[in-house]
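Asker: here is a sequence together with a model predicted from it:
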Amino acid sequence: MDVVLLSRIQFAFTIGFHFLFPPITLGLTLIIFILEVLYRKKRDEMYKNMSSLFVKILGLVFVVGTATGIVMEFAFGNNWSQYSRFVGDIFGAPLAAEGIFAFFLESVFLGVLVFGRKKVSEKFYLLSAFLVFFGSHLSGLWIIIANSWMQTPAGFAIEGGRAVLTSFFDAALNHSTLIRFSHTIVSGWITGAFMTAGISAWYLLKKRHQELAKMTLKLSMILIVITSLLELGLGHAHSVQVAKTQPEKMAAFEALYDTQQGAPLTLFAIPDAKNQKNHLYIGIPKMLSFLIYFDFDAEVKGLNDFPEDERPPVFLPFVSYHVMIILGSLFIAIAFFGTYLLAKKKLWNTKWYLTALVWAIPLPHIAIQFGWIAAEVGRQPWVVYRVLRTADAASVVVPAWQILFTLIMFAIIYTLLFIVFMRILLKIIRKGPEEIATA
Amino acid sequence: METLAFLQNTWYILIGVLLLGYAILDGFDLGVGALLPFLAKNKEDKRKLFNAVGPFWDGNEVWLLTGGGALFAAFPHAYATVFSGFYLALMLVLFSLIFRAVSLEFWSYEEKGKTFWEWAFVIGSFLPALLFGVALGNVIVGVPLDGNMEFTGNFFTLLRPFPLVVGLLGLAAILMQGVTYAALKTTGEVQTRAKQLTNTIWIAFIALFALSFIVALIFMSGILTNVLAWIAAVVVLVGWYMVRVAVKKGKEGQAFLMSSLAFVGLWGIVGAIHFPNVVKAKDAALSITIYNGSSSQLSLTVMLIIALIGMPVVIFYTAYVYKIFKGKVVLNGDGY
């Protein structure tokens, strides 16, 4: 098998698995911090108890995130050595900065959160909760800086066949950094809010910890309303940015083959890129032009306007992008319905809705995974957009069989980790917040 | 010295400092892990040792991540060559670190799988403790590189006498970190066992140090005239000797610090004899040095600013949190 393809599969698998965990961290650290603030203000044990449960879960999530994150730090050297040589001058700095500014902070103070409740003052504990929250978000910023530079590279020149930094701020704050960061962070908050909502809904269904569960569900519901609406705006802004800075990616998202004035927004289609056709097409005329340019007749570039060897694949980005949007819309629907039930004071005993909340826990993860697939596959055939091709980025000295071997190993190990992780997560939730806090 | 050369030299030292920080700090939890079967005889013992490293191992590992990121940023060619060239060996390290990272958390919750996760912690600590030294030994003694800085050997190229001896010496240094730390954080039988083990490792350490010197004389040139290396060697010997003195006096904290001092000396020797190479090639003309393998002046400058702002803060709060958890481990329900 082909070295590049194997390395791509390995990277996609290991990063996809790793990225199940950081979004939970982003969301949970926010919710833990809010609960700790509420505890300081209202002096009600219930906030502390619920926070203790989430700290336990955070500890578990964090170790699996760390275990799978170490792999990513070295994956560029292992499997993408030509990429590493080419971009090292720019791409290494954010990774190192992530360690120095953020990951140290997160890890060191997570130790205090998990091990130190009885050892430090309440104020210091609250500060630790804030620093873990702050550190994990800062960590996200540096990683997003690195990724965004691959999408919309800036602040560099090509010298001697390598990318060389010319402006740190242009490179770090390139066209897609801030919007990608906001979009990703909020997706993490949605993930966390759905997780805590699902857990509280489960307690309500089981008639356990009802007072705590009601408080947490209410808090989660508020967060879901805010974040899912915020994500609608951020997702839109991110799409506009993609359309303007990576037009062929947007064309692939929308399966738009020919450049058009007044381009339609695709609602449903089965794209057939080979024959440049969409089967069973349903769309809103002129809507895509309007969404991107605020003008129903604006021109949107189609894939045919780009050289054939610079076009991304269509099927996978198209499907992923639309699944993400459908799920995002579903979150808004869940938010509105939950608010309606809450206002009517029916939320605590509408069983089907509570059951739905439990089953909704994995949905933000699915949306996030598809979002990233759309973003990364939509950038192909480039690893650094219009600068370096993925085909030229892989390691040249690693034989295919070794990559196949490590890929199989990762598949086995990560499957094991996932099974045990789920088992322990359920165990912690079953044990319950009051039992954990008084242990 | 011109600015670029100054930055290249500075980054050579800074990456050394990051790796030293990793060796000293993660060294103690790797050491505790690798020696767990000898230190702990029952579940209570294990819980004490796990809780002794519990709040720290994660933060300690960040030194490795930061060192790796800094190597990528400052000397991308070295990062690319080593991690692709030593692919299988480093994947073995990564698999070990994955198992190790989850092992304590999983151990504390799982009823049936306890033995499995305990051994995951032990082996996941032992293998990296050994293999880091083997990898370093290869980089120092020289590996086959071609004109494009690409590694031309295979997995077995890495298993030559010099790297293996360096691997064992590194392992001994890490184990010494582990036992002195265990003695510092525990009481009773675990502490007694840790002190007895310190004596054994103390002897193994000096034997391997001497053996390393001999193989270095055989496989490397110019080490006898390297003044810095001699000074560093004295630091190693002082640290090593004082470990025993401190243990006898019952000063466990001092023993741990002296073991760390010996580690500082070891890294000093490495830094002195390896300079200015980052990855030495068998054919010296093809070596990746700090001069031909570095990033640009601007990139090194930005990184230096980041490090100068960030690292003092990191060291400050890391020290502060260590202070919070200072003293003997008490099983109070928090943690494992």
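Answerer: The structure has been received and is ready for your questions. Since the model is a prediction, treat every value here as computed from it, not as a measurement.

Asker: what about A:Asp309, distance to chain B?
Answerer: 26 Å (Cβ to the nearest Cβ, to the nearest Å). C-beta coordinates here come from the backbone N, C-alpha and C atoms, glycine included.

Asker: for that residue, helix, strand, or coil?
Answerer: Following DSSP: H, G, I helix; E, B strand; the rest coil, A:Asp309 is assigned to helix.

Asker: keeping just the C-alphas, turn stretch A:167-186 into PDB.
Answerer: Output in PDB follows, covering the C-alpha atoms of stretch A:167-186 (Å, rounded to 0.1, in the frame of the first residue of the first chain):
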ATOM      1  CA  SER A 167       5.800  37.900  10.400                       C
ATOM      2  CA  PHE A 168       4.800  36.000  13.500                       C
ATOM      3  CA  PHE A 169       1.500  37.900  14.000                       C
ATOM      4  CA  ASP A 170       0.500  37.500  10.400                       C
ATOM      5  CA  ALA A 171       1.200  33.800  10.600                       C
ATOM      6  CA  ALA A 172      -0.500  33.300  14.000                       C
ATOM      7  CA  LEU A 173      -3.500  35.500  13.300                       C
ATOM      8  CA  ASN A 174      -4.000  34.400   9.700                       C
ATOM      9  CA  HIS A 175      -7.400  34.800   8.000                       C
ATOM     10  CA  SER A 176      -9.000  31.700   9.600                       C
ATOM     11  CA  THR A 177      -7.500  31.600  13.100                       C
ATOM     12  CA  LEU A 178     -10.000  33.600  15.200                       C
ATOM     13  CA  ILE A 179     -13.100  32.400  13.500                       C
ATOM     14  CA  ARG A 180     -11.900  28.800  13.600                       C
ATOM     15  CA  PHE A 181     -11.000  29.200  17.200                       C
ATOM     16  CA  SER A 182     -14.400  30.600  18.200                       C
ATOM     17  CA  HIS A 183     -16.200  28.000  16.200                       C
ATOM     18  CA  THR A 184     -14.200  25.200  17.800                       C
ATOM     19  CA  ILE A 185     -14.400  26.500  21.300                       C
ATOM     20  CA  VAL A 186     -18.100  26.900  21.200                       C
END
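
Asker: can it be said to contact chain B?
Answerer: Yes. Using Cβ under 8 Å from any Cβ of the partner chain, stretch A:167-186 comes into contact with chain B via A:Phe168.

Asker: just how off-centre is that stretch within its chain?
Answerer: 14 Å (Cα atoms, centre = their mean, to the nearest Å).

Asker: for that stretch, buried residues please.
Answerer: A:168, A:171-172, A:174-186 (16 or more other Cβ atoms under 10 Å in any protein chain shown).

Asker: residues contacting the residue of the stretch 1-150 of chain B found nearest chain A?
Answerer: Per Cβ to the nearest Cβ, B:Pro76 is where the stretch 1-150 of chain B lies closest to chain A, at 2.1 Å. Contacts here follow Cβ atoms under 8 Å, 6 or more residues apart in numbering or on different chains; on that basis B:Pro76 touches A:Ser84, A:Arg85, A:Val87, A:Gly88, A:Asp89, A:Gly92, B:Gly293, B:Ser295.

Asker: quick one on the thing from earlier: the buried residues of stretch A:167-186 in helices, which ones?
Answerer: Among the buried residues of stretch A:167-186, the ones falling in helices (DSSP state H) are A:168, A:171-172, A:177-186.

Asker: which of the buried residues of stretch A:167-186 sit farthest apart?
Answerer: By the measure Cβ to Cβ, A:Phe168 and A:Val186 form the most distant pair in those, at 26.3 Å.

Asker: helix, strand, or coil at A:Thr266?
Answerer: Going by three-state DSSP: A:Thr266 is strand.

Asker: that one reaches A:Ala255, doesn't it?
Answerer: Yes. With contact defined as Cβ atoms under 8 Å, A:Thr266 counts as touching A:Ala255 (5.9 Å).

Asker: hey, what's A:Leu388 bridged with?
Answerer: A:Val384 (DSSP bridges).

Asker: just to revisit the earlier point, I'd like the ones in helices among the buried residues of stretch A:167-186 as a markdown table, with pLDDT and distance to B:Leu104 appended.
Answerer: Shown next, in a markdown table, are those (pLDDT from 0 to 100; distance: Cβ to Cβ, whole Å):
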| residue | pLDDT | distance to B:Leu104 |
| --- | --- | --- |
| A:Phe168 | 94 | 39 |
| A:Ala171 | 95 | 39 |
| A:Ala172 | 95 | 36 |
| A:Thr177 | 96 | 36 |
| A:Leu178 | 97 | 38 |
| A:Ile179 | 97 | 39 |
| A:Arg180 | 97 | 34 |
| A:Phe181 | 98 | 32 |
| A:Ser182 | 98 | 35 |
| A:His183 | 98 | 35 |
| A:Thr184 | 98 | 30 |
| A:Ile185 | 98 | 29 |
| A:Val186 | 98 | 32 |
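
Asker: redo these as CSV? Include distance to A:Phe115.
Answerer: Converted to CSV, those look like this (distance: Cβ to Cβ, whole Å):
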residue, distance to A:Phe115
A:Phe168, 37
A:Ala171, 38
A:Ala172, 34
A:Thr177, 35
A:Leu178, 35
A:Ile179, 37
A:Arg180, 34
A:Phe181, 31
A:Ser182, 33
A:His183, 34
A:Thr184, 29
A:Ile185, 27
A:Val186, 30
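
Asker: can you give me the buried ones in the helix or strand where B:Pro312 lies?
Answerer: Under the criterion of DSSP states H and E, B:Pro312 resides in helix B:297-324. Neighbour counts over helix B:297-324 (16+ other Cβ under 10 Å) mark B:297-304, B:306-307, B:310-311, B:314, B:317-318, B:321, B:324 as buried.

Asker: filter the residues you listed by proximity to chain A?
Answerer: B:298-299, B:302-303, B:306-307, B:310-311, B:314, B:317-318, B:321, B:324.

Asker: what is the nearest of the residues you listed to chain A?
Answerer: B:Gly310 (3.6 Å).

Asker: and that closest one, what does it touch?
Answerer: Contacts of B:Gly310 (Cβ under 8 Å, 6+ apart): A:Ala97, A:Ile100, A:Phe101.
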